[in-house]
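I need the structure of the sequence given here:
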Amino acid sequence: MIATLQFALPDEQAEFDAARLGSEAMQVLWQIDQHCRSRIKYGQPTADEVHALEAVRAMIPSEMLDI
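Residues are numbered from 1 along each chain as shown. Predicted structure coming up:
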C-alpha cells in the first residue's frame, strides 16, 4: 500500500511542514513525557511540582506515546 500526500505550495506550506515534521514532533513529546516521569519517580519534587509534572503528562495523548 502506498499513501501520497499532495500540498499546493506555497499556500499550504504550514500543512506540508506539519506532515513533514510530525514524527519529530512525536519524538519530542515522548521525550517530554519521559522527562516528567523521571522527575516524578527519581527526583525529589514537591507536591506542587508533582502536580505540575502530572498535568504536563496528561496533556500528551497516550496514542502519541506509542512510538
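
ok, now which ones touch residue 60?
29, 32, 33 (Cβ atoms under 8 Å, 6 or more residues apart in numbering). C-beta here means a position set from N, CA and C on the backbone, and glycine is covered the same way.

for the host helix or strand of residue 30, which positions count as buried?
If you go by DSSP states H and E, residue 30 is part of helix 13-42. Going by neighbour count (16 or more other Cβ atoms under 10 Å), the buried part of helix 13-42 is 16, 26, 29, 33, 36, 39.

Repeat that for stretch 1-15.
For stretch 1-15, a neighbour-count test (16+ other Cβ under 10 Å) marks nothing as buried.

pLDDT of it, averaged?
Averaged over stretch 1-15, pLDDT sits at 96.

can you give me the offset of that stretch from its chain's centre?
How far stretch 1-15 lies from its chain's middle: 22 Å, per Cα atoms, centre = their mean, to the nearest Å.

quick revisit: from the buried residues of helix 13-42, which shows the smallest pLDDT?
Comparing these by pLDDT, residue 26 comes last, at 90.

what about that residue, distance to residue 64?
Distance, residue 26 to residue 64, by Cβ to Cβ, to the nearest Å: 5 Å.

Please apply the same query to residue 19.
Distance, residue 19 to residue 64, using Cβ to Cβ: 15 Å.

go on, residue 15?
Counting by Cβ to Cβ - residue 15 and residue 64 are separated by 19 Å.

Residue 21 versus residue 28, what's the distance?
10 Å.

which element is residue 55 on?
Using DSSP H and E, residue 55 sits in helix 47-58.

what sits up against that helix?
In contact with helix 47-58 (Cβ under 8 Å, 6+ apart) are residues 32, 33, 36, 37, 39, 40, 45.
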